[in-house]
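Chemist: my questions concern the predicted model and sequence given below.
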Amino acid sequence: MALRVTFVATARTSERPAERFGDDRPLDQAGWDEVRRAGGGLLPLAAAELRYCSPTPRSRATGDALGFAPLVQLALRDCDMGRWRGLTLGEAMAREPEAVDAWLADPRATPHGGESLLAFIGRVGGWLDTRPREDGCRIVAVAEPSVIRAALVYALKAPASTYWNIDVRPLSTITVTGHAGRWNLRFDGPFGASHASSGVWAQPTRA
């Protein structure tokens, strides 16, 4: 029995260069403006039988503003970055350059004292694999970009290093269909005239 799981990336809280590990700030004005502009195009997703979100304030606010009334899922929380929580990548690099290099090079590494990339991907994938299996069931999940990246790596059975080559725009969507152990990536047409649904593309940078 096939499931259809559509991930919606949270609206922004800041420009990308200022993003921090474990960022739990609420939506800023730019984020609210994005939700207002994209809301009409994403409205069809509110018809999903099951609606979830990451536990961050901006994920919950994005889901509520879009009319999803999502259920918070702890398994969709961001990667635990240990003592790097609250830092930008640049700040962590300035403090512990060798540790950051090790973390970027080895998906099993936990130099920050938190969760490894492999464990993070496995946790998100475990959530995906345990969704209720009802034929034709539609699911929507508002999640942090990092969570969506992890879900895609898991669904495609790609090497963990692929995580660094996926970028996710605010309020973009991507869908996977199938069931535990067998997922397919699906690119849909725009949900609305002004909002493109496919928000994943290759990025050659390491972070």
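Modeler: Yep, it's here.
Chemist: for A141, see how far away T175 is.
Modeler: Distance, T175 to A141, using Cβ to Cβ, to the nearest Å: 11 Å. Just so you know, the C-beta spots here come from the backbone N, C-alpha and C atoms, and that holds for glycine as well.
Chemist: who's more crowded, these two?
Modeler: A141 (28 against 19; other Cβ atoms under 10 Å).
Chemist: hmm, P55 and the more buried one touching each other?
Modeler: No. Assessed by Cβ atoms under 8 Å, A141 is found out of contact with P55, at 11.9 Å.
Chemist: so what sits against both of those two?
Modeler: Jointly contacting A141 and P55 under the rule Cβ atoms under 8 Å, 6 or more residues apart in numbering are Q73, L76.
Chemist: so where is this protein shaky, pLDDT-wise?
Modeler: Residues of the chain meeting the criterion pLDDT under 70: 1, 13-18, 135-136, 189-207.
Chemist: residue ranges of the strands in it, please?
Modeler: For the chain, the strands defined by DSSP state E occupy 3-9, 50-53, 71-72, 138-143, 166-168, 173-179, 182-186, 200-202.
Chemist: deepest-packed of the ones you listed, please.
Modeler: Among the strands of the chain, the stretch with the highest mean neighbour count (mean count of other Cβ atoms under 10 Å) is strand 138-143, at a mean of 26.
Chemist: let me know the angle separating that strand from strand 173-179.
Modeler: 130 degrees (axes from the mean of the first three to the mean of the last three Cα atoms, to 10 degrees).
Chemist: next one: strand 138-143 to chain centre, how far?
Modeler: 10 Å (Cα atoms, centre = their mean, to the nearest Å).
Chemist: who are the packing partners of that strand?
Modeler: strand 3-9, strand 50-53, helix 57-65 (3 or more Cβ pairs under 8 Å, 6 or more residues apart in numbering; DSSP states H and E).
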